[in-house]
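[1] build me a model:
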Amino acid sequence: MSLKYTMEVMELLDDASANGEMVTALFKDFTQCEASYETVSGDRGSTDFVKIIVKGSEGKLAGGSAPSLGIVGRLGGLGARPSRIGFVSDGDGAAAAVTIALKLANMTEKGDRLPGDVYITTHICPNAPTEPHEPVDFMGSPVDILTMNQYEVLPEMEAVISIDTTKGNKVINHRGIALSPTVKEGYVLKFNDDLLRIMEMTTGDLPVTFAVTTQDITPYGNDVYHINSILQPAVATDAPVVGLAITAKTAVPGCGTGASHEVDVAQAVRFCIEAAKEFTQGQFEFYDKPEFNHLVNLYGSMKQLQTLGSAKS
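    Residues are numbered from 1 along each chain as shown. Presented below is the predicted three-dimensional model:
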């Protein structure tokens with residue numbers, strides 16, 4: 001059922017005039033949903049940051065105690081106009097995030113309301129810049145990563161799924177979706193068994209994962225290599241973060257057009273919907289709390305990795 005909503009959203013976003021108003025208009029008739037946007041300008045243009053809240057029946061917003069999940073659609077831009085015509089591969093993260101919100105909102109109206117609140121954030125920019133990256137060019141963004149995290153990583157999020165197109169590399173050679181280990185406060189933790197189980201269930205296949213390096217969980221701007229921005233939310237929160245990559249078998253530029261596959265985006269949507277159902281019901285955590293506390297007791301805080309560090313000449 002997610003494919004219908006995916007196609008609707010991708011058609012909406014494949015527009016040279018795509019903006020936050022168009023996205024938030026999708027949600028105006030839903031009674032348990034709030035959608036808003038804010039236009040933010042940077043050195044290389046502007047973008048519309050979108051926040052959608054699907055309210056749970058027992059969530060914090062209703063005075064309850066059910067856990068709140070955050071879903072971040074991470075990208076540089078939906079398009080690289082005028083140098084590229086059309087929707088770029090990098091836009092899949094935004095498409096997935098908006099689709100998840102639309103599906104959850106529809107479920108709520110039909111009686112399948114989740115217990116906890118779900119916060120979905122992303123940004124809408126149809127004419128973002130490009131930038132060089134190995135092995136293929138990336139999409140840039142009108143605003144820096146600090147600004148993105150400010151608007152997309154919210155204190156209400158008790159756990160975060162960060163969705164990002166992750167095709168511009170030679171590390172992942174699978175088309176579909178792939179899951180990262182959990183990252184929390186500078187620690188790369190073990191893969192979450194429940195999320196792997198949900199991936200098996202929603203894809204009907206063996207789970208696919210990808211490796212995370214120390215560089216990947218540090219902030220942009222420190223002059224080290226990052227596979228992409230998929231785990232940048234982890235530098236802005238103490239909540240556990242997992243990356244959900246939309247992937248390809250070959251290295252595809254983020255600014256490549258005609259490279260988005262609706263079925264792959266719909267896979268990411270189904271995974272997140274099922275994870276949201278179980279997490280907001282309190283059926284699992286994104287990390288093993290006792291083991292994490294034991295690690296901190298043994299080795300101390302790793303929060304230094306959430307900062308730009310202290311460079312020494």
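[2] just give me how far stretch 269-283 sits from the chain centre.
    Remark: stretch 269-283 is offset 15 Å from the chain centroid, using CA atoms, centre = their mean, to the nearest Å.
[3] and that stretch, what's buried?
    For stretch 269-283, the neighbour count (16 or more other CB atoms under 10 Å) marks 269-280 as buried. In this view, the C-beta of every residue, glycine as well, is placed from N, C-alpha and C.
[4] what's the answer for stretch 236-245, then?
    So stretch 236-245, judged by 16+ other CB under 10 Å, has buried residues 236-237, 239-245.
[5] tell me where the stretch 51-200 of the chain has helices.
    Using DSSP state H, counting those that start in this stretch, the helices of the stretch 51-200 of the chain run over 92-109, 145-152, 193-203.
[6] ranges for the strands of the stretch 1-150 of the chain?
    33-42, 45-54, 69-74, 118-124, 130-131, 138-139 (DSSP state E, counting those that start in this stretch).
[7] got the buried residues for stretch 96-116?
    For stretch 96-116, by 16+ other CB under 10 Å, it's 96-108, 113-116.
[8] and the strands of the stretch 1-150 of the chain: which comes nearest Val160?
    For Val160, the closest of the strands of the stretch 1-150 of the chain is strand 69-74, at 4.3 Å, according to CB to CB.
[9] using CSV, write out every CA atom in that closest one.
    Provided in CSV are the C-alpha atoms of strand 69-74 (Å, rounded to 0.1, in the frame of the first residue of the first chain):
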residue,chain,number,x,y,z
LEU,A,69,10.0,8.5,17.1
GLY,A,70,11.9,10.9,14.8
ILE,A,71,12.3,10.3,11.1
VAL,A,72,14.7,12.6,9.2
GLY,A,73,14.7,12.7,5.4
ARG,A,74,18.3,13.8,4.7
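[10] that strand vs helix 92-109, what angle?
    150 degrees (axes from the mean of the first three to the mean of the last three CA atoms, to 10 degrees).
[11] okay, now Tyr287: neighbour count?
    20 (other CB atoms under 10 Å).
[12] got JSON lines for the strands of the stretch 1-150 of the chain, with mean pLDDT too?
    JSON lines is the format used below for the strands of the stretch 1-150 of the chain (pLDDT from 0 to 100):
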{"stretch": "strand 33-42", "mean pLDDT": "95"}
{"stretch": "strand 45-54", "mean pLDDT": "96"}
{"stretch": "strand 69-74", "mean pLDDT": "98"}
{"stretch": "strand 118-124", "mean pLDDT": "98"}
{"stretch": "strand 130-131", "mean pLDDT": "80"}
{"stretch": "strand 138-139", "mean pLDDT": "79"}
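[13] nearest to Val296, out of those strands?
    So among these, strand 69-74 is nearest, using CB to CB, at 22.5 Å.
[14] hmm, who's touching that closest one?
    With CB atoms under 8 Å, 6 or more residues apart in numbering as the test, strand 69-74 has contacts from 93-98, 100-101, 116-122, 148, 152-154, 156-164, 229-230, 232-233, 239, 272, 275-276, 279-280.
[15] go with 6 Å
    93-94, 96-97, 100, 118-122, 152, 157, 159-164, 229, 233, 272, 276, 279-280 (CB atoms under 6 Å, 6 or more residues apart in numbering).
[16] where does the chain dip in pLDDT?
    Within the chain, the stretches with pLDDT under 70 are 311-313.
[17] ok, Thr250 - how many residues close by?
    Neighbours of Thr250 under the rule other CB under 10 Å: 10.
[18] return the member of the buried residues of stretch 236-245 nearest to Leu3.
    Nearest to Leu3 out of the buried residues of stretch 236-245 is Leu244 (CB to CB; 17.3 Å).
[19] is that closest one in a helix, a strand, or coil?
    strand (DSSP: H, G, I helix; E, B strand; the rest coil).
[20] isn't it right up against Asp164?
    No - when contacts are counted by CB atoms under 6 Å, Leu244 is not listed as touching Asp164 (7.7 Å).
[21] how far away is Thr130 from Asp137?
    For Thr130, the distance to Asp137 (CB to CB, to the nearest Å) stands at 5 Å.
[22] sorry, wrong one. I was asking about Val54.
    Distance from Val54 to Asp137, by CB to CB: 35 Å.
[23] comparing the two, which shows the higher neighbour count?
    Set side by side, Val54 and Asp137 show more neighbours around Val54, with 31 against 16, by other CB under 10 Å.
[24] what bridges to that one?
    Cys33, Val118 (DSSP bridges).
[25] wait, it touches Leu104, no?
    Yes - at 4.4 Å, Val54 and Leu104 qualify as touching, with contact defined as CB under 6 Å.
[26] what touches both of these two?
    Shared contacts of Val54 and Leu104, defined by CB under 6 Å, 6+ apart, comprise Val118.
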